[in-house]
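Visitor: sequence first, predicted coordinates after that:
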Amino acid sequence: MYIKQLTLRQFRNYKKVELSFHKQVNVFLGENAQGKTNILESIFVLALAKSHRTSKDKELIGWGEEFARIHGEIAKKTSSLDIELILSVKGKKGKINGLEQKKLSEYVGAANVVMFAPEDLNLVKGSPQVRRRFLDMELGQISRVYLHHLGMYQKVLKQRNHLLKTLQFGKGSKEMLDILTDQMIVLAAEVTIRRYGFIKRLQTWAEQIHHDVSRGKEKLEIRYLSSTDVSEDKDLSKIKDGYYQTYQELREREIQRGVTLFGPHRDDLAFSINERDVQTYGSQGQQRTTALALKLAEIELIYSEIGEYPILLLDDVLSELDDYRQSHLLRTIQGRVQTFVTTTNVSGIDEQTLNQAAIFHVSEGTITK
Ligand SMILES: Nc1ncnc2c1ncn2[C@@H]1O[C@H](COP(=O)(O)OP(=O)(O)OP(=O)(O)O)[C@@H](O)[C@H]1O
């Protein structure tokens with residue numbers, strides 16, 4: 001798929017802008033703090049209804065404005081889509097072909113994007129929260145069912161934590177705790193089984209890509225560290241049994257602590273190269289290659305799930321990659337994946353790519369082609 005046109009109203013430092021894009025490579029060139037990332041971010045938000053760099057939607061709205069609007073025309077293999085996201089202080093709503101979607105989970109996934117930005121190194125080095133966010137965003141855009149279960153899980157978790165806090169002080173109902181625990185077990189199992197399957201599929205591609213980028217020297221492995229025992233031969237009911245048992249065992253401790261101690265909200269991912277943990281032992285280069293392999297694997301996974309390549313957003317990363325990694329990335333996307341690149345300087349970008357690209361100059365929120 002590719003994005004033909006983008007219109008922004010009051011998004012970050014863009015009052016009003018309308019852009020038509022090249023089917024393949026689009027480069028945004030400009031000095032620091034001019035609005036290059038804001039363009040990539042707007043495409044990301046248009047697709048996922050969430051920013052990659054802030055959880056506060058208010059920050060996306062132009063200063064002093066009441067709302068922001070992002071509109072995009074997406075071309076797919078056999079159809080074309082009009083999608084629009086409106087953000088206001090009251091909330092956000094998404095429209096597909098002019099029709100407002102009742103739930104955002106029904107809107108997300110109409111367009112698919114993969115973003116690769118310098119912060120993605122945190123996927124390897126950062127806290128488990130960063131990796132869970134990665135899992136939820138990426139899996140969410142290819143599985144509506146996942147988004148639905150995740151949203152419900154988070155709701156029940158909030159209620160359960162609230163109740164546990166009350167029980168901690170000798171108030172509240174233990175019967176209610178059992179009801180919420182039962183609800184949570186069902187949802188936790190749904191979330192867990194999908195995350196496990198997603199990581200298994202992602203691993204297949206990431207391992208191959210990492211093998212190529214490291215010139216056959218390294219074997220990358222990604223594991224889903226679930227709070228319950230999950231493996232190939234565990235079906236949904238076995239996973240539920242596992243959760244049930246642990247919640248029984250932890251019941252009194254959770255009441256004492258006033259919080260849910262266990263579940264998908266505590267899960268993590270682990271990366272290893274040649275059987276050694278990358279977080280602890282990986283060099284800067286290996287961590288970078290791991291992040292790159294993950295992103296490229298995502299492109300393949302989305303293609304295999306939906307039969308269309310996603311749109312790739314490369315924020316300030318191309319010139320950061322050495323020649324070998326850069327050419328590997330460019331080979332992967334060539335002619336298949338519409339790509340948006342931001343850079344302060346074109347000198348770090350492969351010449352052949354530049355020759356085929358549309359170049360946009362960005363200066364203080366104004367764009368010229
Ligand atoms: N909500 C907002 N309303 C208006 N302007 C904003 C808003 N949020 C950020 N900005 C402005 O956007 C600019 C930053 O844009 P952006 O992050 O896209 O920079 P960039 O061109 O990618 O720079 P760099 O190369 O440093 O990454 C800053 O000038 C900032 O003041």
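Guide: That came through fine. Numbers count the residues shown, from 1 in each chain.

Visitor: give me the residue at the spatial middle of the protein.
Guide: Met137 (3.4 Å; CA atoms, centre = their mean).

Visitor: so where does that one fall, helix or strand?
Guide: Applying DSSP states H and E as the criterion places Met137 in helix 128-142.

Visitor: swap in Lys50?
Guide: Short version, using DSSP H and E: Lys50 is in no helix or strand.

Visitor: for it, which residues are in contact?
Guide: Going by CB atoms under 8 Å, 6 or more residues apart in numbering, Lys50 touches Phe44, Met137. Every C-beta, even on glycine, is put in place using the N, C-alpha and C of the backbone.

Visitor: ok, now Tyr303?
Guide: Contact analysis of Tyr303 by CB under 8 Å, 6+ apart lists Tyr309, Pro310.

Visitor: now do it, the pLDDT please.
Guide: Tyr303 is assigned 94 on the pLDDT scale.

Visitor: what residues does the stretch 201-350 of the chain have near the ligand?
Guide: The stretch 201-350 of the chain comes close to the ligand at residues Asp316, Thr342, Thr344, as judged by CB under 6 Å from any ligand atom.

Visitor: highest neighbour count among those residues?
Guide: Within these, Thr342 tops the neighbour count with 25 neighbours, counted by other CB atoms under 10 Å.

Visitor: tally of neighbours for the nearest residue to that residue once chain neighbours are set aside?
Guide: Using CB to CB, 6 or more residues apart in numbering and skipping residues adjacent in sequence, the residue nearest Thr342 is Lys36, 3.9 Å away. Using other CB under 10 Å, Lys36 is surrounded by 26 other residues.

Visitor: separation between Lys36 and the ligand?
Guide: Per CB to the nearest ligand atom, to the nearest Å, Lys36 is found 4 Å from the ligand.

Visitor: that residue and His361 touch, don't they?
Guide: No. Judged on CB atoms under 8 Å, Lys36 makes no contact with His361 at a distance of 9.9 Å.

Visitor: chain center to the helix or strand containing Ala47: distance?
Guide: Per DSSP H and E, Ala47 falls inside helix 36-48. Mean C-alpha position of helix 36-48 versus that of the full chain (CA atoms, centre = their mean, to the nearest Å) differs by 12 Å.

Visitor: cool, stretch 326-344 as well?
Guide: The answer for stretch 326-344 is 19 Å, by CA atoms, centre = their mean.

Visitor: only alpha carbons, please: show it as CSV.
Guide: Provided in CSV are the C-alpha atoms of stretch 326-344 (Å, rounded to 0.1, in the frame of the first residue of the first chain):
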residue,chain,number,x,y,z
GLN,A,326,21.9,0.7,4.9
SER,A,327,22.2,-1.2,1.6
HIS,A,328,20.6,-4.2,3.2
LEU,A,329,17.7,-2.1,4.3
LEU,A,330,17.4,-0.4,0.9
ARG,A,331,17.5,-3.8,-0.9
THR,A,332,14.7,-5.1,1.2
ILE,A,333,12.4,-2.1,0.5
GLN,A,334,13.4,-1.5,-3.1
GLY,A,335,10.4,-1.1,-5.4
ARG,A,336,8.1,-2.8,-2.8
VAL,A,337,7.7,-0.5,0.2
GLN,A,338,6.8,3.2,0.1
THR,A,339,9.3,4.8,2.3
PHE,A,340,9.5,8.2,4.1
VAL,A,341,12.9,9.4,5.2
THR,A,342,13.9,12.4,7.3
THR,A,343,17.4,13.8,7.3
THR,A,344,19.3,16.9,8.0
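
Visitor: related to what we said a few turns ago, quick check: angle from the helix holding Met137 to helix 36-48?
Guide: 60 degrees (axes from the mean of the first three to the mean of the last three CA atoms, to 10 degrees).

Visitor: against which helices or strands is helix 128-142 packed?
Guide: With contacts defined as 3 or more CB pairs under 8 Å, 6 or more residues apart in numbering; DSSP states H and E, the packing partners of helix 128-142 are helix 36-48, helix 122-125, helix 144-168, helix 174-213, strand 268-273, helix 284-306.

Visitor: run the last query once more with 10 Å
Guide: The contact analysis (3 or more CB pairs under 10 Å, 6 or more residues apart in numbering; DSSP states H and E) places helix 128-142 against helix 36-48, strand 113-116, helix 122-125, helix 144-168, helix 174-213, strand 220-225, strand 268-273, helix 284-306.

Visitor: now Leu313, what's its secondary structure?
Guide: Assigned with DSSP: H, G, I helix; E, B strand; the rest coil, Leu313 falls in the strand class.

Visitor: can you list the domains in the protein?
Guide: For the chain, automatic domain parsing gives the domain ranges 1-112+308-369, 118-307.
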